[in-house]
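Asker: only the shape, not the letters, is given here:
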């Protein structure tokens, strides 16, 4: 099996959507990479350290064959493949031992947190709101589900239909650092909002010639098809136009580029100077102009699926993502380390200490935590 097939099976296994045949396929693969008698484990306590190393040795050939692949740590691979919460290295270096107490500082991962701002300026904390109807607004019922999703349901009756030509009202949803949230719009479009992001959208999607939302930060969209009313995502630097498709937009203000990655359908990306059409598996990278390239789209949406995936990214870029999700600040004692490359694949739902342990083993830098600040410096060679 190739890497993507394994990842898809693991995701289904975790979500309890795998068929019996898929479970058997996954179990058989696990036996092959562990040992012939192994059963797929229920939790990390059943997995021996030696078995984990064997698994990693089998996974490595599935990864990109590049010199920098050495940065993929044993822990990063195993945490994803077995969907375990934590894994501690058996071969701790002197540096990791020295930082062990520091890494025991408990900084928890992000969770479902957001603020809903209504058109009249009223703010509602979705973190604190109870499950069920949050409010009725302009003939639309707004409700919160138990799994952290805000659902808009069009409920206009004949009386409210007379107000369809009234001025369009806009709500907004904002996630803080350390937060994420899902949104189901009245037209059936689903939106996953990443940490430190804001989306502004019309309360009523049944009026007007287009469906337009404004985005700052990062979001993944599954747009409901409507040929007569295109869906547009407007950021500070571009407009993405679709009819019905799945795509990811990364438009954080502190990132040097705005990236749009297409998974299904087609989208048109328009910047200040030019525009480009994307096919599935392509990414538009906007700086001064638009550069379109073929990419692994799963990397762009790893966050939406509950993972960190870093493919030889500069440490400074990695830490911006870490900072948003764990709600921490980062201080560099040596600017040189910002350009160090890091690669890993691991769950987003472990405490920060787990990720720092991986970094200790794979990056030539020291990581320590003081309060809610991560301090990074070069390792002193002995």
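Answerer: Cool, the structure landed. These figures come from a predicted structure and were not determined experimentally. Residues are numbered from 1 along each chain as shown.

Asker: how about residue 212: what's its closest non-neighbour residue?
Answerer: Leaving aside its chain neighbours, residue 212 sits nearest to residue 232 (4.6 Å; criterion: CB to CB, 6 or more residues apart in numbering). Glycine gets a C-beta too; all of them are placed from N, C-alpha and C.

Asker: please enumerate the helices of the stretch 51-200 of the chain.
Answerer: Along the stretch 51-200 of the chain, counting by DSSP state H, counting those that start in this stretch, helices occupy 74-82, 94-98, 100-103, 158-161.

Asker: ok, now which ones touch the residue nearest to residue 212?
Answerer: 210-213, 239-242 (CB atoms under 8 Å, 6 or more residues apart in numbering).

Asker: closest to residue 314 out of these?
Answerer: The nearest member of the contacts of residue 232 to residue 314, counting by CB to CB, is residue 240 at 25.7 Å.

Asker: avg pLDDT for the helix or strand hosting the closest one?
Answerer: Element membership for residue 240, per DSSP states H and E: strand 239-242. In this model, strand 239-242 has a mean pLDDT of 95.

Asker: next secondary structure after it?
Answerer: In N-to-C order, the element after strand 239-242 by DSSP H and E is strand 246-251.

Asker: neighbouring strands of the next helix or strand after that next one in the sheet, and parallel or not?
Answerer: Next along the chain after strand 246-251, taking DSSP H and E as the criterion, comes strand 258-264. The strands beside strand 258-264 in its sheet (DSSP bridges) come out as strand 246-251 (antiparallel), strand 282-286 (antiparallel).

Asker: could you list every helix and strand in contact with the strand holding residue 240?
Answerer: strand 231-234, strand 267-270 (3 or more CB pairs under 8 Å, 6 or more residues apart in numbering; DSSP states H and E).

Asker: next helix or strand past the last one?
Answerer: Spelled out, that is strand 267-270. Per DSSP H and E, the first helix or strand lying C-terminal to strand 267-270 is strand 275-278.

Asker: for that following strand, packing partners?
Answerer: strand 267-270, strand 290-294.

Asker: check which residues of it are buried.
Answerer: 276, 278 (16 or more other CB atoms under 10 Å).

Asker: so what touches that strand?
Answerer: With CB under 8 Å, 6+ apart as the test, strand 275-278 has contacts from 247, 260, 262, 266-269, 284, 290, 292.

Asker: TSV for these, including neighbour count and pLDDT?
Answerer: Below are the contacts of strand 275-278 laid out as TSV (neighbours: other CB atoms under 10 Å; pLDDT from 0 to 100):
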residue	neighbour count	pLDDT
247	28	97
260	26	97
262	26	96
266	16	93
267	27	95
268	17	95
269	28	96
284	27	96
290	20	94
292	16	96
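
Asker: for those residues, give me JSON lines that also has distance to residue 298.
Answerer: JSON lines is the format used below for those (distance: CB to CB, whole Å):
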{"residue": "247", "distance to residue 298": "13"}
{"residue": "260", "distance to residue 298": "15"}
{"residue": "262", "distance to residue 298": "12"}
{"residue": "266", "distance to residue 298": "19"}
{"residue": "267", "distance to residue 298": "17"}
{"residue": "268", "distance to residue 298": "23"}
{"residue": "269", "distance to residue 298": "20"}
{"residue": "284", "distance to residue 298": "17"}
{"residue": "290", "distance to residue 298": "22"}
{"residue": "292", "distance to residue 298": "18"}
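
Asker: which one of these is nearest residue 111?
Answerer: residue 247 (24.9 Å).

Asker: distance of that closest one relative to residue 266?
Answerer: From residue 247 over to residue 266 the distance is 9 Å, taken as CB to CB, to the nearest Å.

Asker: ok, the residue nearest to residue 168 when sequence neighbours are not counted - contacts?
Answerer: Among residues not flanking residue 168 along the chain, residue 202 sits closest, at 5.0 Å (CB to CB, 6+ apart). Contacts for residue 202 (CB under 8 Å, 6+ apart) come out as 168-171, 208, 211-213.

Asker: for those residues, which two are the farthest from each other?
Answerer: 171 and 208 (15.3 Å).

Asker: which one's more surrounded, these two?
Answerer: residue 171 (24 against 12; other CB atoms under 10 Å).

Asker: wait, doesn't the more buried one sit right on residue 115?
Answerer: No: here residue 171 does not reach residue 115: they are 10.9 Å apart, not a contact under CB atoms under 8 Å.

Asker: hey, least reliable of the helices of the stretch 51-200 of the chain by pLDDT?
Answerer: Averaged per stretch, pLDDT over these is lowest on helix 74-82, reaching a mean of 37.

Asker: ok, the residue nearest to residue 181 when sequence neighbours are not counted to residue 220 distance?
Answerer: In space, and not counting its chain neighbours, residue 181 is closest to residue 114: 3.9 Å by CB to CB, 6+ apart. Shown here: residue 114 relative to residue 220, a distance of 15 Å by CB to CB.

Asker: neighbours around residue 352, how many?
Answerer: If you count neighbours by other CB under 10 Å, residue 352 ends up with 22.

Asker: distance of it relative to residue 180?
Answerer: Distance of residue 352 to residue 180, given as CB to CB: 16 Å.

Asker: what's the answer for residue 202, then?
Answerer: For residue 202 relative to residue 180 (CB to CB), the value is 22 Å.

Asker: what does residue 206 give?
Answerer: According to CB to CB, residue 206 stands 28 Å off from residue 180.
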